[in-house]
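> mind folding the following:
(3 chains)
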Amino acid sequence: MTGRGRPRKEKSPDSKLSKSRTRPQQTKTSPPRRAARTEKETKTTNGPKKQDPQKPDHTEEKPSAQKTRKGKTTNHFMEETNVQCRTPRDSPAPKTSSTQRSALETKATRSSTPKEKSSQKTKEKESTCQATFQKEPAKKLVTQPRTPQGPAETYGVRAKANGCLSDEITAKQTKTLKDIRRVSVHEKATNALTKMKQVSFEEKVDTTLHMTLKNLKIKKKDISCASEVVNEIQRHVIKHLKQNTICFKDVEEPLRTGSYYENLKISNPDEFDVMLPIPVDRVNIEPFGSDGAFYSVGLKRGKSSLQKFEEEFEDNSILSATKMLEEFRKEVKECLKECKEWTMTKKKRGCPAVTLTTTVQAVPISLDLVLCLGVKSSWPSFTKDGLKIEHWLGSKVKQEYKRKSYYFVPKYEGRGTAENDGIPAKDVWRISFSHIEKAIIKNHGSEKTCCEKAGTSCCRKDCLKLVKHLLHLLKEKNPSFDKFCSYHAKTTLLTSCCSRTSDTDWKASDLSPCFQLLLDDFCKHLRNGQLCNFFIPSQNLLSGPGAKMCGNLADCIKEQCEKGFPIFQQELKMY
DNA sequence: CCAGGCTAAACAAG
DNA sequence: CTTGTTTAGCCTGG
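Residues are numbered from 1 along each chain as shown, chains lettered A, B, ... in the order given. Next up, the predicted model:
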């Protein structure tokens, strides 16, 4: 890893190439990064997950981790009493002595005196959390959340998530007055306990979320390593396209899109998305299908370097996405001959990207090169009701965006042979506004200074990272969710930002409630089976997964919310 | 076109 | 916590 820090401008492409060629050997001799990391940063790194989230490996670790939790509750309780605001979640055991109980009560009243029942507002949490992060071992944070019918039952009271006391009273109606009085005494105690537990529960959620976010951060060193090789191959490919091809020689500056370049990448800098735009002017576009997301693209008459990709259909000709992508693949493959450390993955049907993979320090990295057409004219009419950012970012900003180009990527859905007006799906293009998404994410505040160093910081991006991560983990656990993707999360965030437009709706200190509100929004979309493309409202992004799966996912998310995100806690446990 | 300045984010130190 | 440093990526003015 030494010597990586030197300024890139000093390197000539050639020297870099030769250097890279030797790298595979280096990786063999040098210890895998995971091992190297354990010296220092083990607690915050995501080592175990490193290689391949899809591998079932990690499932082995979970049961054992669960075991360690069992039977430690009493001990755990004693430990916890030393920590301010960190009250037992697993319970006061039924046998809790009166002294212990009163200690708890006083603590409850002292530490928080919660006036409102369900205090969604969790103020000044951050300081507590921050301290917790540094001092407390992670294992402490990962105890099982209090189950709905928790130990409170031992007091003859049904403890509900929100402690609805009226229920409890009706349950006792048949009892004698004496009993009721006795109960009410207990109620008092329980009430305090319940409230205390709520605080504890919410705090625990808050801590879990912050810890999770912390673990999702990508290491500076990893960024350096990955970006060096990724930038190098990018430059190489672009140079090749410009110098050695005719049809792609007009390729413009790459549009670096996707999570990494939006600072939304989580866990590892292992996926890079780059769009390579070929400018086209004066095109005829025709919607393919009814939702306005796919189009056939015809070149207007006149010579063009793209003419060789035209297909004749009835009276006009269109640019065949498949042909063009094939040629692009061929050219990229050609330049990989000089970059042996990169390999190209097999073509996936309907996929717009040519995916290149390599490993840096034993860590796999993939780079998606997406050929696209850049269109400078005004956006198609299907976008008319999209991008409703007026109240959030302002209409000037909107106009600014709408003046920009838009792009087409060679992506189709379903079988390539499906026809529409005689045009096969494999020859159509999907519209893309990735550059606008990136611009919005980068400039996401209602106030211009949002998240700038002089301004107030918000939690919009953190919320999105968490939703993405949650979705990722749920998909890992349940492969039937594979039709859901991070774009659903992103679109949900953008949509939610348009309804909660103020920066104060997303205060950085309100991460937990904001995140859960965002999940609420997501679940609502899922239950309705409808999530509109942010730019093309007529396209429903949830038509793919189907109603049943949407319902299932919403159930899973709801469960996670109610239980305090055990799926995150389980992960934290591993570090 | 590209050098140099700027920003966001990670990170280290106090 | 605050402050400063480093880095990659981005933007811009000459």
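> residues contacting A:Met558?
One correction, residue A:558 is Lys, not Met. Residues near A:Lys558 by C-beta atoms under 8 Å, 6 or more residues apart in numbering: A:Cys523. C-betas here are computed from N, CA, C, even on glycine.
> can you tell me the helix or strand for it?
helix A:547-562 (DSSP states H and E).
> give me the sheet partners of the biggest strand by length in chain A and which way each runs.
Longest strand of chain A, by residue count under DSSP state E: strand A:363-375. Here strand A:363-375 is paired, per DSSP bridges, with strand A:271-280 (parallel), strand A:353-360 (antiparallel), strand A:406-409 (antiparallel).
> put together JSON lines for those strands, with mean pLDDT and mean neighbour count on each row.
Output for the strands paired with strand A:363-375, formatted as JSON lines (pLDDT from 0 to 100; neighbours: other C-beta atoms under 10 Å):
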{"stretch": "strand A:271-280", "mean pLDDT": "95", "mean neighbour count": "21"}
{"stretch": "strand A:353-360", "mean pLDDT": "95", "mean neighbour count": "20"}
{"stretch": "strand A:406-409", "mean pLDDT": "97", "mean neighbour count": "23"}
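> for the longest strand of chain A, buried residues please.
Within strand A:363-375, the residues that count as buried by 16 or more other C-beta atoms under 10 Å are A:363, A:365-375.
> among these, which are within reach of DNA strand C?
Among the buried residues of strand A:363-375, no residue lies close to DNA strand C (C-beta under 7 Å from any atom of the strand).
> that older thread, which SSE is immediately downstream of the helix holding A:Lys558?
Per DSSP H and E, the helix or strand that comes after helix A:547-562 is helix A:566-573.
> about what we covered before: out of the strands paired with strand A:363-375, which is closest to DNA strand C?
strand A:271-280 (7.7 Å; C-beta to the nearest atom of the strand).
> do the top helix by length along chain A and DNA strand B meet?
Using DSSP state H to define each element, chain A has its longest helix at helix A:177-216. No: shown here: helix A:177-216 not in contact with DNA strand B (C-beta under 7 Å from any atom of the strand), separated by at least 7.8 Å.
> show the average pLDDT along stretch A:235-248.
Per-residue pLDDT over stretch A:235-248 has a mean of 93.
> buried stuff in that stretch?
For stretch A:235-248, by 16+ other C-beta under 10 Å, it's A:236-238, A:240-241, A:245, A:247-248.
> can I get the helix holding A:Lys558 in CSV, CA atoms only?
What follows is helix A:547-562, C-alpha atoms only, in CSV (Å, rounded to 0.1, in the frame of the first residue of the first chain):
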residue,chain,number,x,y,z
ALA,A,547,-47.9,-7.0,-5.2
LYS,A,548,-47.2,-10.1,-3.1
MET,A,549,-43.5,-9.4,-2.8
CYS,A,550,-44.1,-5.8,-2.0
GLY,A,551,-46.3,-6.8,0.8
ASN,A,552,-43.8,-9.2,2.1
LEU,A,553,-41.0,-6.7,2.0
ALA,A,554,-43.2,-4.1,3.8
ASP,A,555,-43.9,-6.7,6.5
CYS,A,556,-40.2,-7.3,7.0
ILE,A,557,-39.4,-3.7,7.2
LYS,A,558,-42.2,-3.1,9.7
GLU,A,559,-41.0,-5.9,11.8
GLN,A,560,-37.5,-4.5,11.8
CYS,A,561,-38.8,-1.1,12.9
GLU,A,562,-40.8,-2.6,15.7
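> and it, what's buried?
Neighbour count says helix A:547-562 has A:549-550, A:552-554, A:556-557, A:560-561 buried, by 16+ other C-beta under 10 Å.
> and stretch A:384-391, by the same measure?
In stretch A:384-391, counting by 16+ other C-beta under 10 Å, buried: A:386-387, A:389.
> can you report how many residues neighbour A:Glu314?
Per other C-beta atoms under 10 Å, the neighbour tally for A:Glu314 reads 8.
> the residue lying closest to it once chain neighbours are set aside: neighbouring residues, count only.
Spatial nearest neighbour of A:Glu314, chain neighbours left out: A:Gly422 (6.2 Å); criterion: C-beta to C-beta, 6 or more residues apart in numbering. As a burial measure, A:Gly422 scores 7 neighbours (other C-beta under 10 Å).
> look up phi and psi at A:Gly422.
phi 80, psi 0 (degrees, to the nearest 10).
> returning to that earlier point: quick check: next helix or strand after the longest helix of chain A?
In N-to-C order, the element after helix A:177-216 by DSSP H and E is helix A:220-244.
> quick one: list the elements packing against that next one.
Judged by 3 or more C-beta pairs under 8 Å, 6 or more residues apart in numbering; DSSP states H and E, the packing partners of helix A:220-244 are helix A:13-29, strand A:271-280, helix A:321-336, strand A:353-360, strand A:363-375.
> one more pass at 7 Å, please.
Other elements packing on helix A:220-244 under the criterion 3 or more C-beta pairs under 7 Å, 6 or more residues apart in numbering; DSSP states H and E are helix A:13-29, helix A:321-336, strand A:353-360, strand A:363-375.
> three-state assignment of the residue in the stretch 401-550 of chain A that DNA strand B sits nearest to?
Nearest residue of the stretch 401-550 of chain A to DNA strand B (C-beta to the nearest atom of the strand) works out as A:Glu452 at 4.1 Å. The three-state label given to A:Glu452 by DSSP: H, G, I helix; E, B strand; the rest coil is coil.
> report how many residues lie close to it.
Neighbours of A:Glu452 (other C-beta under 10 Å): 11.
> got the residues of chain A near DNA strand B?
Checking chain A against DNA strand B by C-beta under 7 Å from any atom of the strand, the hits are A:9, A:217-221, A:223, A:263, A:442, A:451-453, A:461.
> out of the residues you listed, which end up buried?
A:218-219, A:221, A:451, A:461.
> mind picking the two most distant members of those?
Pairwise distances across these peak at 24.3 Å for A:Lys221 and A:Cys451 (criterion: C-beta to C-beta).
> what angle sits between the helix holding A:Lys558 and helix A:566-573?
In terms of direction (axes from the mean of the first three to the mean of the last three C-alpha atoms, to 10 degrees), helix A:547-562 departs from helix A:566-573 by 60 degrees.
> specify the angle between helix A:547-562 and helix A:177-216 in degrees.
Going by the same axes, to 10 degrees, helix A:547-562 makes 110 degrees with helix A:177-216.
> same question for helix A:547-562, mean pLDDT?
The average of the pLDDT scores along helix A:547-562 is 98.
> spit out the contact partners of A:Gly386.
The contact partners of A:Gly386, by C-beta atoms under 7 Å, 6 or more residues apart in numbering, come to A:534-537.
> quick one on the thing from earlier: JSON lines for the strands paired with strand A:363-375, including distance to DNA strand C?
Listed next are these as JSON lines, based on distance: least, C-beta to the nearest atom of the strand, whole Å:
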{"stretch": "strand A:271-280", "distance to DNA strand C": "8"}
{"stretch": "strand A:353-360", "distance to DNA strand C": "12"}
{"stretch": "strand A:406-409", "distance to DNA strand C": "15"}
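> tell me where the model's unsure across the stretch 401-550 of chain A.
Within the stretch 401-550 of chain A, not a single segment meets pLDDT under 70.
> mind listing the strands for it?
A:406-409, A:419-420, A:423-424, A:429-432 (DSSP state E, counting those that start in this stretch).
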